[in-house]
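>>> Any chance you can model this:
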Amino acid sequence: MNRRIIAGIALAALVIAAIATSGFGLLKGDDGPLTLYGNVDIREVEMAFQASGRVSEVPVEEGERVKQGELLAVLDPSQAQDRLAQADAQLAQARAQLAKLQAGSRPQEIRQANAQQAAARAALSDARADYERRQPLVESGAISRAVWEQTVTALRTAEARYAEASQGASLAQEGARAEDIAAARAQLEAARAARAAIDTDLDYTRLEAPLAGTVVTRSVEPGSLVSPGVTAFTIAIDRPLRVRAYVAQTDMARINPGMKVEVTADGNPKTYQGTIGYISPRAEFTPKSVETEDLRTDLVYRLRIVVDNPDEALRQGQPVTVTIPAARPAAED
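Purely as a prediction, here's the structure:
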């Protein structure tokens, strides 16, 4: 009987000693491997069209892996294509007009302008002769006032046509004015800008994956109408896989970036390898999802751990246990 009592006391002492040396908390083990708790980071990207329109094609399904740049959905591009064709025509016209002004008049155009000026000069000479001949006749009453008014009108018309023809001949000789060339160049730049804007609108009819990942949600179907900024897809970015864990302030000296870690998850017998990539310089309270209410008042530092996940068995948001075999021994008080 005494032996049983002694054995029981010894066993209780061992249990108390084990509890006193191991303790409770966010970390386990002061001198051996360091154990942390955390979750696989949730990294998601919400994708939305930047233009309104009707969906014409959706080649991906929920749960499907997509590559960076892979097509997710397409809006009907017909209207944008029509506007682009019109913009191309206007751009070509503006480019031709500028080239014409810069090149100046051709020799045949100069000859034609000179001929028109000569014809207008001859017509003006005839109109002046008729005016001078009929002026004394109207004063003496030999011709009517109506004939005289027609003569005056013909002279004024001939003068205007000669002035116009003279200006045309001068422009043909001298070429376009600098301000006309500048205005044509501005019109060309405006046509280019309009064309680029429509080209951008055409690009907006395609929605592509910004990074490789998994389609988590798909809220559009072929034929549906969409508006700019409304989420059409949610993509989970799971490569590289990141784990968010927390280390107590008292154990900060035991670890550093670059240390190798082992990651395990409940229900999964496999151990995954990872590396500490980042240690936050700012302390925070233990997240509620990590430990008990008592430990939530402890100050901890967030770690970002990059984990190899070759079989893709670790899922975003999943609780995990992180073991750091090479953690330095805790400093003694």
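
>>> Next, work out how far apart Pro136 and Asp126 are.
According to C-beta to C-beta, to the nearest Å, Pro136 and Asp126 sit 18 Å apart. C-beta coordinates here come from the backbone N, C-alpha and C atoms, glycine included.

>>> Between these two, tell me which one has more neighbours.
Neighbours per residue (other C-beta atoms under 10 Å) separate Pro136 from Asp126, with Asp126 holding more: 13 against 10.

>>> so who does that one touch?
Ala158 (C-beta atoms under 8 Å, 6 or more residues apart in numbering).

>>> ok, now Ala158?
120, 123-124, 126-128.

>>> From those, pick the one nearest Ala197.
Nearest to Ala197 among the contacts of Ala158: Ala120, at 46.1 Å, using C-beta to C-beta.

>>> Verify the stated contact: the closest one with Ala169.
No. Between Ala120 and Ala169 there is no contact under C-beta atoms under 8 Å: 9.4 Å.

>>> the strands in the stretch 201-333 of the chain, which residues?
With strands called from DSSP state E, counting those that start in this stretch, the stretch 201-333 of the chain shows them at 206-208, 213-218, 225-226, 231-236, 241-248, 260-265, 268-285, 299-307, 319-324.

>>> For Arg145, find the nearest of the ones you listed.
Counting by C-beta to C-beta, Arg145 lies closest to strand 225-226 out of these; the figure is 74.1 Å.

>>> As a check, name the ranges of all helices in this protein.
Along the chain, the segments classed as helices by DSSP state H run 2-22, 78-103, 107-140, 145-174, 178-203.

>>> I'd like to know which of the ones you listed lies nearest to Ser280.
Closest to Ser280 of the helices of the chain is helix 2-22 (C-beta to C-beta; 26.3 Å).

>>> Please work out the average pLDDT along the closest one.
Across helix 2-22, the average pLDDT comes to 40.

>>> Then stretch 300-307?
Mean per-residue pLDDT for stretch 300-307: 92.

>>> what residue ranges in the protein are flagged as low confidence?
Applying pLDDT under 70 to the chain flags residues 1-31, 104-106, 174-176, 287-297, 330-333.

>>> Please pick out the residue of it most distant from its centre.
Ser140 (86.4 Å; C-alpha atoms, centre = their mean).

>>> With distance to Arg192 and mean neighbour count as extra columns, can I get the strands of the stretch 201-333 of the chain in a markdown table?
Shown next, in a markdown table, are these (distance: least, C-beta to C-beta, whole Å; neighbours: other C-beta atoms under 10 Å):
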| stretch | distance to Arg192 | mean neighbour count |
| --- | --- | --- |
| strand 206-208 | 22 | 17 |
| strand 213-218 | 37 | 18 |
| strand 225-226 | 29 | 15 |
| strand 231-236 | 31 | 19 |
| strand 241-248 | 44 | 23 |
| strand 260-265 | 55 | 19 |
| strand 268-285 | 46 | 14 |
| strand 299-307 | 46 | 20 |
| strand 319-324 | 55 | 20 |
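
>>> Could you export those strands to TSV, including columns for distance to Ala182?
Below are those laid out as TSV (distance: least, C-beta to C-beta, whole Å):
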stretch	distance to Ala182
strand 206-208	38
strand 213-218	51
strand 225-226	43
strand 231-236	46
strand 241-248	57
strand 260-265	67
strand 268-285	56
strand 299-307	57
strand 319-324	68
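
>>> Leu72 is nearest to which of the ones you listed?
Closest approach to Leu72 among the strands of the stretch 201-333 of the chain (C-beta to C-beta): strand 206-208, 4.6 Å.

>>> For that closest one, name the packing helices and strands.
Strand 206-208 makes packing contacts with strand 71-75 when contacts are defined by 3 or more C-beta pairs under 8 Å, 6 or more residues apart in numbering; DSSP states H and E.

>>> Now do the buried residues in the strand it packs on.
The neighbour-count check on strand 71-75 (16 or more other C-beta atoms under 10 Å) flags 72-75 as buried.

>>> Over to stretch 38-47?
Buried, per 16+ other C-beta under 10 Å, within stretch 38-47: 38-41, 43, 47.

>>> So which of those residues belong to strands?
Judged by DSSP state E, the buried residues of stretch 38-47 include 38-40, 47 as members of strands.

>>> follow-up on the earlier one: possible to save the buried residues of strand 71-75 as a markdown table with distance to Ala197?
Output for the buried residues of strand 71-75, formatted as a markdown table (distance: C-beta to C-beta, whole Å):
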| residue | distance to Ala197 |
| --- | --- |
| Leu72 | 23 |
| Ala73 | 22 |
| Val74 | 20 |
| Leu75 | 17 |
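
>>> Could you point out which of these is nearest to Ile324?
Taking C-beta to C-beta as the measure, Ile324 lies nearest Leu72 of these, at 39.2 Å.

>>> distance of the residue lying closest to the closest one once chain neighbours are set aside from Leu71?
Counting by C-beta to C-beta, 6 or more residues apart in numbering, Leu207 is the residue found nearest to Leu72 once chain neighbours are left out, at 4.6 Å. Between Leu207 and Leu71 the distance is 8 Å, computed by C-beta to C-beta.
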